[in-house]
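>>> I'll drop the sequence and a predicted model, then ask my questions.
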Amino acid sequence: MPYSHAPSSTGAGPRGAEARADIRLVVTDMDGTLLDDAKNAPPALAEALRLLRERGVLFCPASGRQYATLAREFEGVADGMVFIAENGTYVVRDGVELSSDTLRPGVAAAIARAAREAAAGGADVGAVVCGKSAAYVERADEPFLAEVRKYYLSHRIVDDVTAVDDDIIKVALFTFGSDEHTVAPALAPFAGTHQVVVSGEHWVDVMNRTANKGAAVRRLQRELGVTPAQTMVFGDYLNDLEMLDAADWSFAMANAHPEVIRRARHRAPSNNDNGVLRTLARVLDLPLPL
């Protein structure tokens, strides 16, 4: 691990570190991290964003969620914020694209066909082909669409996702069963050429090898002139690993996947205990009503 001290159970870091912290960029995952298990944002989030802006700290959500979904989540307080959407494949600030990492033509169609074959073999799985303009699905049953709507506000039901005309940045597969036993075998042919990332208990994302949240964070750091020592990152699941490596102030939530806890330098309270804002309040001495 790229550090010598043991992870902190309090989220405060080593003794005296708060006084030395010069944080300029705060990056947080959403589900399982900033949001509680009911998908609610912390009540004090708007006040936290105001205080961070006053101090010149950029707050950046980084999620597997679609940009349109993230923008809705922060409606009214999103001015100047950077959104790392679709697991790092699409980065937007104030509606303007900063970077993207699109799949080569034909790749998304091949992944969608692999999902169809898995479904024909009995897997309860559906593909979400994620473009810059919208997400596209073939399945129209309500249980599947209910899961899609959680993360893809802008989505369209089409007859054939392999014929979509859009810049495709990612293909997400949702299964009602265990993704490890149903989706992973179907995606095995892509593992050697693309990233196959478990982004949730029932979700697997397929992206270019160059695309991840960490790569997006590092590009943003270069653009802003911000160092890893000035960056604070929060995460809970496997698709957060690379971005934890981009920050000296990397925090795993108490409820995080064991590998995330091993990878992070510090620990924060769980998402259900308002861990992100509690840690920000402690390390940055923010007067938040927690």
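Perfect, I can see it now.
>>> Let me see the mean pLDDT of the host helix or strand of Ala68.
Assignment of secondary structure by DSSP states H and E places Ala68 within helix 67-73. Per-residue confidence for helix 67-73 averages out to 95 on the pLDDT scale.
>>> Pull the helix or strand following that helix out as CSV, backbone CA atoms only.
Toward the C-terminal end, the helix or strand that comes next after helix 67-73 (DSSP H and E) is strand 82-85. This file holds the C-alpha atoms of strand 82-85, laid out as CSV (Å, rounded to 0.1, in the frame of the first residue of the first chain):
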residue,chain,number,x,y,z
VAL,A,82,-17.5,19.1,-11.9
PHE,A,83,-19.4,15.8,-12.4
ILE,A,84,-17.5,12.6,-13.1
ALA,A,85,-20.2,10.5,-14.5
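>>> and strand 82-85, what other elements does it pack with?
Other helices and strands packing on strand 82-85, by 3 or more Cβ pairs under 8 Å, 6 or more residues apart in numbering; DSSP states H and E, are strand 58-61, helix 67-73, strand 90-93, helix 213-224. C-beta coordinates here come from the backbone N, C-alpha and C atoms, glycine included.
>>> So for Arg139, which of these sits nearest?
When these are compared by Cβ to Cβ, helix 67-73 sits nearest Arg139, at 18.6 Å.
>>> Would you mind measuring from Met232 to Arg262?
The spacing between Met232 and Arg262, counted by Cβ to Cβ, to the nearest Å, is 19 Å.
>>> what comes up buried for stretch 155-167?
Residues of stretch 155-167 classed as buried by neighbour count (16 or more other Cβ atoms under 10 Å): His155, Val161, Thr162, Val164, Asp166.
>>> Save these as a markdown table, and put in distance to Val206 too.
Listed next are the buried residues of stretch 155-167 as a markdown table, based on distance: Cβ to Cβ, whole Å:
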| residue | distance to Val206 |
| --- | --- |
| His155 | 18 |
| Val161 | 13 |
| Thr162 | 14 |
| Val164 | 15 |
| Asp166 | 16 |
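>>> among these, which are in strands?
Those of the buried residues of stretch 155-167 mapping onto strands are His155, per DSSP state E.
>>> isn't Gly32 right up against Val260?
No: applying Cβ atoms under 8 Å as the test, Gly32 and Val260 come out as separate, 9.7 Å apart.
>>> can you map out the helices along the stretch 151-290 of the chain?
Read by DSSP state H, counting those that start in this stretch, the stretch 151-290 of the chain holds these helices, from start to end of the chain: 179-187, 213-224, 241-244, 258-263, 275-284.
>>> To Asp124, which of these lies closest?
Ranking the helices of the stretch 151-290 of the chain by their distance to Asp124 (criterion: Cβ to Cβ) puts helix 179-187 first, at 7.6 Å.
>>> just to revisit the earlier point, so what sits against both of Gly32 and Val260?
The overlap between the contact sets of Gly32 and Val260 (Cβ atoms under 8 Å, 6 or more residues apart in numbering) consists of Asp236, Tyr237, Met253.
>>> and of these, the nearest to Asp205?
Proximity to Asp205 was ranked across those by Cβ to Cβ; first place goes to Tyr237, at 11.2 Å.
>>> how near is the closest residue to that closest one other than its chain neighbours to Leu241?
Leaving aside its chain neighbours, Tyr237 sits nearest to His257 (5.3 Å; criterion: Cβ to Cβ, 6 or more residues apart in numbering). With distances taken as Cβ to Cβ, His257 is found 9 Å from Leu241.
>>> Now do stretch 133-147: everything it contacts.
66, 112, 126-130, 148, 152, 154-161, 164, 166-167, 172, 174, 176, 202.
>>> what's the answer for stretch 39-52, then?
Among residues not part of stretch 39-52, those counted as contacts by Cβ under 8 Å, 6+ apart are 26, 31, 34-36, 58-59, 73, 77, 81, 150, 274, 276-277, 280-281, 284, 286-290.
>>> Quick check: ChimeraX command selecting the buried ones in those residues.
Only the buried entries of the contacts of stretch 39-52 go into this ChimeraX selection, using 16+ other Cβ under 10 Å:
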select :26,31,34,35,36,58,59,73,81,274,276,277,280,281,284,286,288,290
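>>> about what we covered before: which parts of the helix holding Ala68 are buried?
In helix 67-73, counting by 16+ other Cβ under 10 Å, buried: Tyr67, Ala68, Thr69, Leu70, Ala71, Glu73.
>>> Stretch 257-272 now?
Buried positions in stretch 257-272, judged by neighbour count with 16+ other Cβ under 10 Å: His257, Val260, Arg263, Ala264, Arg265, His266, Arg267, Ala268, Pro269, Ser270, Asn271.
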